[in-house]
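> missing the sequence, but the structure's below:
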């Protein structure tokens, strides 16, 4: 019998096992992290993933956002968006 941590994460893992998830195989499970603001988010990302990865990730996401924003119409930009 597998034991899990006595916390919210352990409860989720135990529930997955009870639903028939094969816990002997590697799983990708995402646990969201709530942060109060962008500065805290950046600090948390760096602490979790390291400086090099977080820097590259943030550059990629900024490029993705800029590409997304470039597809707004002039009317949308002038009337509906605060960018």
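It's in. Note that the structure is a prediction, hence the values are computed from the model and not measured. Numbers count the residues shown, from 1 in each chain.
> so how far is residue 42 from the residue positioned nearest the centre of the chain?
By Cα atoms, centre = their mean, the mean C-alpha position of the chain lies nearest to residue 32, the distance being 5.9 Å. Per Cβ to Cβ, to the nearest Å, residue 32 is found 16 Å from residue 42. All C-beta spots, glycine's among them, are computed from the backbone N, C-alpha and C.
> counting by contacts, list what the helix or strand of the chain with the lowest mean pLDDT packs against.
Lowest on mean pLDDT, DSSP states H and E among the helices and strands of the chain sits helix 74-79, with a mean of 82. Contacts defined by 3 or more Cβ pairs under 8 Å, 6 or more residues apart in numbering; DSSP states H and E place helix 74-79 against no helix or strand at all.
> how far out from the middle of the chain is it?
30 Å (Cα atoms, centre = their mean, to the nearest Å).
> again, but for stretch 73-82
Offset of stretch 73-82 from its chain centre (Cα atoms, centre = their mean): 28 Å.
> low-confidence ranges, the chain, go.
1, 81, 83 (pLDDT under 70).
> walk me through the domains of it.
1-31, 35-83 (automatic domain parsing).
> can you put these in CSV and add mean neighbour count?
Supplementary listing: those in CSV, determined by neighbours: other Cβ atoms under 10 Å:
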stretch, mean neighbour count
domain 1-31, 10
domain 35-83, 11
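> now find how far off-centre the lengthiest helix in the chain is within its chain.
In the chain, taking DSSP state H as the definition, the longest helix is helix 51-69. From the chain centre to the centre of helix 51-69 is a distance of 13 Å (Cα atoms, centre = their mean).
> same question, stretch 30-42
8 Å.
> what's the answer for stretch 65-76, then?
For stretch 65-76 - counting by Cα atoms, centre = their mean - the centre lies 23 Å from the chain centre.
> can you get me the start-to-end distance on that stretch?
16 Å (Cα to Cα, to the nearest Å).
> and what of stretch 18-32?
End-to-end for stretch 18-32, by Cα to Cα: 22 Å.
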